[in-house]
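[1] Here's my sequence, what's the structure:
(chains A and B)
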Amino acid sequence: MENQQITDALLAQFGADDVFGIGESHGILQVTTTVETIVPMIHFLYAHPVFKFQFLTDLAGIHFPDAKGQELGVIYHLHSLENNVRLWIKAYAPIEAPHFPTITDLYAAANWMEREAFDFYGIIFDGHPNLTRILNMDEMDYHPMRKEYPLEDATRHDKIDELFGR
Amino acid sequence: MSEIALVQNPNVGLDKTQKGGPYVNELSTLNLGPTHPATHGIFQNILTMDGETIVDAEQTVGYIHRAFEKIAERRPFYQITTLTDRMNYCSAPINNMGWHMTVEKLLGIEVPKRAQYMRVIMMELARLTDHIVCNSILAVDTGALTGFLYVYQWREFIYEIYEEMCGARLTTNMGRFGGMERDFTPVAIEKIQKLLKELPAALKEFEGLVMRNRIFMDRTQNVGGISAERALNYGFTGPNLRAAGVDYDVRAMNPYSSYEDFEFDVPVGTKGDTYDRFLVREEEMWQSLRIIQQAMDNLPAGPYHADAPHYYLPEKQDVYHNMEALIYHFKIVMGEIDAPVGEVYHAVEGGNGELGFYLVSDGGRTPYRLKFRRPGFIYYQAFPEMIKGTSLSDAIVTMSSMNVIAGELDT
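    Numbers count the residues shown, from 1 in each chain, chains lettered A, B, ... in the order given. Alright, predicted model coming up:
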């Protein structure tokens, strides 16, 4: 099974409006899609007689503060164990309304992964059975992995970027 | 006829909504953890019990969350190595080397054969320690302390090999981008040879004590089972998935670090229960020994690290006498080396399953985003499903055999 086959099938099924940003990174195919198409696309790949992307390896949130209107993203790492092919599906949503559909009905593994993405990025997975914080404490009132929260104490003088030509 | 009339007791206990009645037929709540000697780590399970039977379990994790993914966004690449070995601290070198291989993939560094073989040896030693801990503690949790004592000293011995290779025992920080930080010393080789010669006898003795032990079998067979289908749906990997009958092993399916050169079997179970997990781990230890033996026999000559001066810390001797080495030493230590733009996912077979690193680099000195795929975090969510309807003592051995490591769970 070649990556080209997967892109062709996805383009045939969903069209170029919903399948874009096609690329390859060290052999792993990646496609970007719209938030609305995530669930149909993952269901299509899951149920496809040849592809069988039935294993969810990981789900990662990401924050691009400069990408207006698509600040928050989710990267789904799918794996077809039968063909030993990996695939990334990416989708982005605005930070004011970071709503993504849940895929817990298809993969039980997505439950905690989505909770983690919610915990750290504030991505809201609509339809999730228990969307609460998982690693941070419940009282926390912000989402710490967003880029606006600098990691280190700004008052430290031994780590000023300028002094190191950064 | 007796003068004492028998009075029928009212069935107060049967009405579950009534408060303050007798305890019969009432659900009770039991906190298993956060600190409990049988959980081997800091995490909590709030169990709803019907007498001895578990009705439901609610998990709380994150007690030792250390924000590794956030910290990694500020650190130069080589400083992240020390974060990785604090995840699955039972098999720290696998974490280190998985991370090194991820960065090498991004940088495009070709690692020499000798370094790859050395990595394989260290990673298989780490797998041995991981499985020794898991299996012998499982025996302890079922009440058999003796077997644990026979094999645990070999874990100590493997830690001595780590010490010889990197100076540390638990949080190893072993290897560098491009290879290993030092070649095998004669002491290290001698110790590995001794291990290969003497560990099999200890393992056999352990298996003789535990594997066909009636009590152990009764405690573990048909306990905490999961079907292959559910295991895959829950994202199981590693020995826990293989115990359910799926032969997915990253070493065999996506070989890295020259694993394709070695001959080894991937053991699988049938039922996915606690006993199968135990057997799969036992067999994997034998396979690890087999791989180490092959790697030691065919250890190629040559350099133990790649020629990648921008990323590989030069030897101290050169730093004192060689201008370029001094410059690179300074730049690497200060974290002044920019990485190329790119996006990489690399997976290795960790002690518990597929340990993945998803790295997004924007061309800076630190990762833009680093996501650790921790196998323990993903499969531990199946725990309530696996223990529902069983007793508390079954839940303890199920958890023990899943090898949930708190450091890996919480990053």
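
[2] and the closest residue to chain B within chain A, backbone torsions?
    Per CB to the nearest CB, residue A:109 is where chain A lies closest to chain B, at 3.1 Å. Bear in mind the C-beta positions are built from the backbone N, C-alpha and C, glycine included. Here is the backbone geometry of residue A:109 (degrees, to the nearest 10): phi -60, psi -20.

[3] Apart from its neighbours in sequence, what residue is nearest it?
    Closest residue in space to residue A:109, ignoring its immediate chain neighbours: residue B:235 at 3.1 Å, by CB to CB, 6 or more residues apart in numbering or on different chains.

[4] ok, longest helix in chain B?
    helix B:113-141 (DSSP state H).

[5] list the helices and strands it packs on?
    Identification of packing neighbours for helix B:113-141 by 3 or more CB pairs under 8 Å, 6 or more residues apart in numbering or on different chains; DSSP states H and E yields helix B:92-107, helix B:145-166, helix B:186-210, helix B:274-297, helix B:392-402.

[6] Please identify the buried residues of the second one?
    For helix B:145-166, the buried set under the neighbour-count rule, 16 or more other CB atoms under 10 Å in any protein chain shown, comprises B:147-148, B:150-152, B:154-155, B:157-159, B:161-162, B:164-166.

[7] Need the contact partners of it.
    With contact meaning CB atoms under 8 Å, 6 or more residues apart in numbering or on different chains, helix B:145-166 is reached by B:93, B:122, B:125-126, B:128-129, B:132-133, B:135-137, B:139-140, B:168-170, B:172-175, B:180-182, B:184-185, B:187-188, B:191-192, B:194-195, B:198-199, B:202-203, B:205-206, B:209-210.

[8] Next up, the contacts around residue A:42.
    A:53, A:76, A:78, A:89, A:103, A:106.

[9] So for it, what pLDDT did the model give?
    Per-residue pLDDT puts residue A:42 at 92.

[10] contacting residues around the closest residue to chain A within chain B?
    Chain B approaches chain A most closely through residue B:235 (3.1 Å), counting by CB to the nearest CB. If a contact means CB under 8 Å, 6+ apart, then residue B:235 has A:55, A:56, A:57, A:107, A:108, A:109, B:378, B:379 as its contacts.

[11] I'd say the last one and residue B:353 touch.
    Yes. The pair formed by residue B:379 and residue B:353 meets the contact definition of CB atoms under 8 Å, at 7.0 Å.

[12] list residues touching both of these two?
    Shared contacts of residue B:379 and residue B:353, counting by CB under 8 Å, 6+ apart, come down to B:236, B:237, B:240, B:241.

[13] Who wins on neighbours among those residues?
    residue B:241 (31 neighbours; other CB atoms under 10 Å in any protein chain shown).

[14] Go ahead and confirm that one touches residue B:231.
    Yes. Residue B:241 sits in contact with residue B:231 when judged by CB under 8 Å, with a separation of 5.3 Å.

[15] shared neighbours of those two, anything?
    residue B:379.

[16] for residue 30, which residues make a bridge with it?
    Here I'm looking at chain A. residue A:23, residue A:88 (DSSP bridges).

[17] Sorry, I should have been clearer: chain B.
    Beta-bridge pairing of residue B:30 under DSSP bridges involves residue B:47.

[18] what residues are up against it?
    Contacts of residue B:30 by CB under 8 Å, 6+ apart are B:46, B:47, B:48, B:49, B:392.

[19] For chain A, what lies in contact range of chain B?
    A:25-26, A:28, A:30, A:54-58, A:60, A:62, A:75, A:77, A:81, A:84, A:86, A:88, A:107-109, A:111-113, A:116, A:120, A:133-137, A:144-145, A:151-152, A:164-166 (CB under 8 Å from any CB of the partner chain).

[20] Are any of these buried, and if so which?
    A:28, A:30, A:54-58, A:60, A:62, A:75, A:77, A:81, A:86, A:88, A:107-109, A:111-113, A:116, A:120, A:133-136, A:144-145.

[21] Sticking with residue A:138, tell me its helix or strand.
    When secondary structure is defined by DSSP states H and E, residue A:138 falls outside every helix and strand.
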